[in-house]
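S.K.: Structure for the following, please:
(one chain, ligands or ions: 2)
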Amino acid sequence: MSAHHFPDAAPEPLVSAPGRALEGAVRIPGDKSVSHRSIMLGALAVGKSRVSGLLEGEDVMATAAAMRAMGATVTRKGEGEWEIDGVGVGGLLEPDDVIDMGNSGTSTRLIMGLIATHPIQVTMTGDASLRKRPMGRVIDPLTDMGASVHARTGGRLPLVIKGTDMPLPIDYTTPMASAQVKSAVLLAGLNTPGITTVREKVATRDHTERMLSSMGADIRVEDGTEGRVVKLVGQPELSPIHMEVPGDISSSAFPMVAASIVPGSDVLIRNVGLNPLRTGIIFALREMGADITVENERVLGGEPVGDLRVRAARLKGVQGLSVDPSTMIDEFPVLFAAAAVAEGDSRFDGLHELRVKESDRLAAMAAGLKANGVEVEEFDDGIIIKGCGGNVPGGGTVETHLDHRIAMSFAILGQRADKPVTIDDARAIRTSFPVFIEMMKGLGAGLEA
Ligand SMILES: O=C(O)C1=C[C@@H](OP(=O)(O)O)[C@@H](O)[C@H](O)C1
Ligand SMILES: C=C(OP(=O)(O)O)C(=O)O
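M.R.: Ligands and ions are numbered 1, 2, ... in the order given. You can find the predicted model right below:
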């Protein structure tokens, strides 16, 4: 059960200080984006889906609970082994209580898409972080398709969404680079007669498209001069999924940065998902001088995977990246930690989306870096970080604002701090990477709960 069910429960601080050089091989838990989608789409298939390597973090468990509340049978068979008995497209039932999405934006926005074109009414809520996040970006297109939504001011949770029994296909251009918005519209398009079209100026992660295609849906993706166009033919019969979820590259980013910045480190990260719309962090770190090699490339569950070997390197600052931010959107906080240790200043921009994640990640990183003696300048859509060219001073306490990525980023930064870095509350780490602390300690990191 997630932390917000115990609002009075004590926070769990974490102290990070240098350990030894990081060494060893690890297998990162399953990809969060793929895990969510495997449960949602398994729930809409006809028959029994089997998924292994599922991420058993709180966010994915929120998705599982919601799909159960809407009639699917979602069963844990063993560690990471799950079975989903689908109700078929159009078969979702009205839950008899509020559904609680915890800390998870992906669960909320994608499931809103599913509800929008089923004739059911659902009340959704979430934790203090999720209740601050904007849902207008999905409310707008889902309303065009026929759903009605009553949300709190600013399109915020809790909200009531009433799906339509007469859905209309739409041709929608996403106003911001967001795989969640794209996926919400495509999932709504599943129970909509005709062709639903989503256009994006820059391509975002395409796990929904890949999984739907593997399940037999008629879905076409075309890249043109104005970006990417995805067309889905509605009301398919989806065959069940049988897949192994690749390791989460977003989680891998933490040991990747740690091994890069701790002198003498040499780490092998096995089985990492290398979908080209997710690999920005590898290129960004290499632009800063990191030593990362990809070995043993193969395909798993319709997604490319490989092993990453990361050796310590002297990182240098960068003035803007040549990498598209949407290919590494969740990895910026830990990249900022790398920039704080690097030699020379770094400037990152075009990152307005970071302000609407589990926390305002530009503000939270700027505050935490400053508290630990790093000079930064935060601006509207980015940040300038003055690299320390080695250890950061440290000694500060970081406010995580219920944001797992902020907590983990500072746990990594503490590995190169003169004085320990204190994280006010590490509980949010369970949303995406429950074994993080244990795994990092196993590699040699100095972390004390
Ligand atoms: O579709 C997904 O699984 C996700 C999309 C991204 O969000 P946006 O679509 O808001 O950019 C990302 O930040 C999130 O962690 C997962
Ligand atoms: C932004 C994230 O997730 P979500 O939007 O699903 O809460 C994340 O995991 O960094």
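S.K.: got the residues of the stretch 101-250 of the chain near ligand 2?
M.R.: 104-106 (CB under 6 Å from any ligand atom). Using the backbone N, CA and C atoms, a C-beta is placed for each residue, glycine as well.
S.K.: Most neighbours among those, which one?
M.R.: Tallying neighbours with other CB atoms under 10 Å puts Ser104 at the head of those, with 29 neighbours.
S.K.: Name the nearest residue to it, sequence neighbours excluded.
M.R.: Asp59 (3.8 Å; CB to CB, 6 or more residues apart in numbering).
S.K.: What is the helix or strand where the one you found lies packed up against?
M.R.: In this assignment (DSSP states H and E), Asp59 forms part of helix 58-69. Where contact means 3 or more CB pairs under 8 Å, 6 or more residues apart in numbering; DSSP states H and E, helix 58-69 is packed against helix 32-44, strand 73-78, strand 99-100, helix 105-116.
S.K.: So is it next to ligand 1?
M.R.: No - interface with ligand 1: helix 58-69 contributes nothing (CB under 6 Å from any ligand atom), its closest point being 8.7 Å away.
S.K.: now check the host helix or strand of Arg270, is it near ligand 1?
M.R.: Assigned by DSSP H and E, Arg270 falls within strand 266-273. No - Strand 266-273 stays clear of ligand 1 (CB under 6 Å from any ligand atom), getting no nearer than 11.9 Å.
S.K.: quick check: angle from that strand to helix 32-44?
M.R.: 30 degrees (axes from the mean of the first three to the mean of the last three CA atoms, to 10 degrees).
S.K.: Export the helices and strands packed on helix 58-69 to a markdown table and append columns for distance to Val356 and mean pLDDT.
M.R.: Listed next are the helices and strands packed on helix 58-69 as a markdown table, based on distance: least, CB to CB, whole Å; pLDDT from 0 to 100:
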| stretch | distance to Val356 | mean pLDDT |
| --- | --- | --- |
| helix 32-44 | 17 | 98 |
| strand 73-78 | 29 | 98 |
| strand 99-100 | 20 | 98 |
| helix 105-116 | 9 | 99 |
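S.K.: of all those, which lies closest to ligand 1?
M.R.: Closest to ligand 1 of those is helix 32-44 (CB to the nearest ligand atom; 3.3 Å).
S.K.: Tell me the gap between the closest one and the middle of its chain.
M.R.: Chain-centre distance of helix 32-44: 13 Å, with CA atoms, centre = their mean, to the nearest Å.
S.K.: For whichever residue of the chain sits closest to ligand 2, which residues are in contact?
M.R.: Going by CB to the nearest ligand atom, ligand 2 is nearest to Gly105 of the chain, at 2.7 Å. By CB atoms under 8 Å, 6 or more residues apart in numbering, the contact list for Gly105 reads 130, 133, 180, 357-358.
S.K.: can we see that at 10 Å?
M.R.: Residues near Gly105 by CB atoms under 10 Å, 6 or more residues apart in numbering: 59, 126, 129-130, 133-135, 138, 178, 180, 356-358.
S.K.: Mind checking which of those are in strands?
M.R.: Here DSSP state E is the test, and the contacts of Gly105 give no hits in strands at all.
S.K.: Save those residues as a markdown table, and put in distance to Ile269, neighbour count and pLDDT too.
M.R.: Below are those laid out as a markdown table (distance: CB to CB, whole Å; neighbours: other CB atoms under 10 Å; pLDDT from 0 to 100):
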| residue | distance to Ile269 | neighbour count | pLDDT |
| --- | --- | --- | --- |
| Asp59 | 21 | 24 | 98 |
| Gly126 | 31 | 25 | 98 |
| Ser129 | 28 | 22 | 98 |
| Leu130 | 29 | 26 | 98 |
| Arg133 | 30 | 20 | 98 |
| Pro134 | 33 | 15 | 98 |
| Met135 | 34 | 25 | 98 |
| Val138 | 33 | 27 | 98 |
| Ser178 | 27 | 21 | 98 |
| Gln180 | 26 | 23 | 99 |
| Val356 | 29 | 16 | 98 |
| Lys357 | 23 | 21 | 98 |
| Glu358 | 23 | 27 | 98 |
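S.K.: Sort out which one of the residues you listed lies nearest Ala313 for me.
M.R.: Set against Ala313, the nearest of those by CB to CB is Lys357 (28.0 Å).
S.K.: ok so, going back, with distance to Asp171 as added columns, please give the helices and strands packed on helix 58-69 in a markdown table.
M.R.: Conversion of these to a markdown table gives the following (distance: least, CB to CB, whole Å):
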| stretch | distance to Asp171 |
| --- | --- |
| helix 32-44 | 23 |
| strand 73-78 | 33 |
| strand 99-100 | 30 |
| helix 105-116 | 16 |
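S.K.: Can you give me the buried ones in stretch 322-341?
M.R.: Neighbour-count burial for stretch 322-341 flags 323-341 (criterion: 16 or more other CB atoms under 10 Å).
S.K.: and this protein, what are its domains?
M.R.: 3-30+246-448, 32-243 (automatic domain parsing).
S.K.: okay, how far is it across stretch 370-388, tip to tip?
M.R.: 12 Å (CA to CA, to the nearest Å).
S.K.: and that stretch, which residues are buried?
M.R.: Neighbour counts over stretch 370-388 (16+ other CB under 10 Å) mark 371-374, 376, 378, 382-388 as buried.
S.K.: helix/strand/coil for Pro119?
M.R.: Under the three-state scheme (DSSP: H, G, I helix; E, B strand; the rest coil), Pro119 adopts coil.
S.K.: roughly how far apart are it and ligand 1?
M.R.: Using CB to the nearest ligand atom, to the nearest Å, one gets 26 Å for the distance from Pro119 to ligand 1.
S.K.: got a list of what that residue touches?
M.R.: Taking CB under 10 Å, 6+ apart as the test, what Pro119 contacts is 90, 92, 94, 162-167, 191.
S.K.: try 7 Å this time
M.R.: By CB atoms under 7 Å, 6 or more residues apart in numbering, the contact list for Pro119 reads 163-165.
S.K.: hmm, back to that, and ligand 1, which of the residues of the stretch 101-250 of the chain next to ligand 2 reach it?
M.R.: Applying CB under 6 Å from any ligand atom to these, one finds that Thr106 fall near ligand 1.
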